[in-house]
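>>> sequence below, structure please.
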Amino acid sequence: MYEQDFEQEYHEFYSAVGLFAYISKFRDKALVEICEQTLIMILGLKYTTNVMNAAMFQLAESAPETCQWIWQNLPEHEACISLKEYFVMLAIQQLISQGFVLGQDFSATTHGTLLINENAKVALIQSLSHQNLLLLEELIQVKEQVAFY
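Next up is the predicted model:
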């Protein structure tokens, strides 16, 4: 019984992921928003956010230009906000583990942008998977020197 429920939920989740990824490829903001609102009504906000996040990972592999379009055209959507938080934290963890200093080599803005010097950017690029890099590159801004007082 439990296995059947899990299997059904798994198929429903990936069907929703596939639907959102497919709709996103049209790059029509109104259509994407209708899809998102429909999924929220059916599945709830948190579940829909998870669906949209999974779709972004799928799109990073299959249609990176669509992924960039979503970052640029839907930055206020919950899925984009949660992904930004995740990737900024991932980048910060990677940089700190490599010996870079927060406030000196890199920093994060309240808008989910990572300000980073060239050396830190090179190290970060080398430490991330291609898929993660595609999702993160919209959030990186290279700055020659980052200083906080």
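>>> tell me how far Glu137 lies from Leu19.
In this structure, Glu137 and Leu19 are 26 Å apart, going by Cβ to Cβ, to the nearest Å. C-beta coordinates here come from the backbone N, C-alpha and C atoms, glycine included.
>>> mind showing which ranges of this protein have poor pLDDT?
Low-confidence segments of the chain, defined by pLDDT under 70, span residues 1-2, 143-149.
>>> do that again at 90, thanks
Residues of the chain meeting the criterion pLDDT under 90: 1-6, 71, 75-88, 90, 108-115, 121, 125, 128-149.
>>> what's the longest helix in the chain?
In the chain, with assignment by DSSP state H, the single longest helix is helix 2-24.
>>> how about residues contacting the helix or strand that it is followed by?
Proceeding C-terminally, helix 2-24 gives way to helix 29-43 as the next helix or strand, assigned by DSSP states H and E. With contact meaning Cβ atoms under 8 Å, 6 or more residues apart in numbering, helix 29-43 is reached by 16, 19-20, 23-24, 26, 47-48, 51-52, 70, 73-74, 77, 79.
>>> buried residues in helix 29-43?
Val32, Cys35, Glu36, Leu39, Ile40, Leu43 (16 or more other Cβ atoms under 10 Å).
>>> and those residues as CSV, adding distance to Ala123?
Shown next, in CSV, are these (distance: Cβ to Cβ, whole Å):
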residue, distance to Ala123
Val32, 34
Cys35, 38
Glu36, 35
Leu39, 38
Ile40, 39
Leu43, 39
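>>> the most centrally placed residue in the chain: which element?
What sits nearest the mean C-alpha location of the chain, by Cα atoms, centre = their mean, is Leu83, with 3.6 Å. Under the criterion of DSSP H and E, Leu83 resides in helix 78-97.
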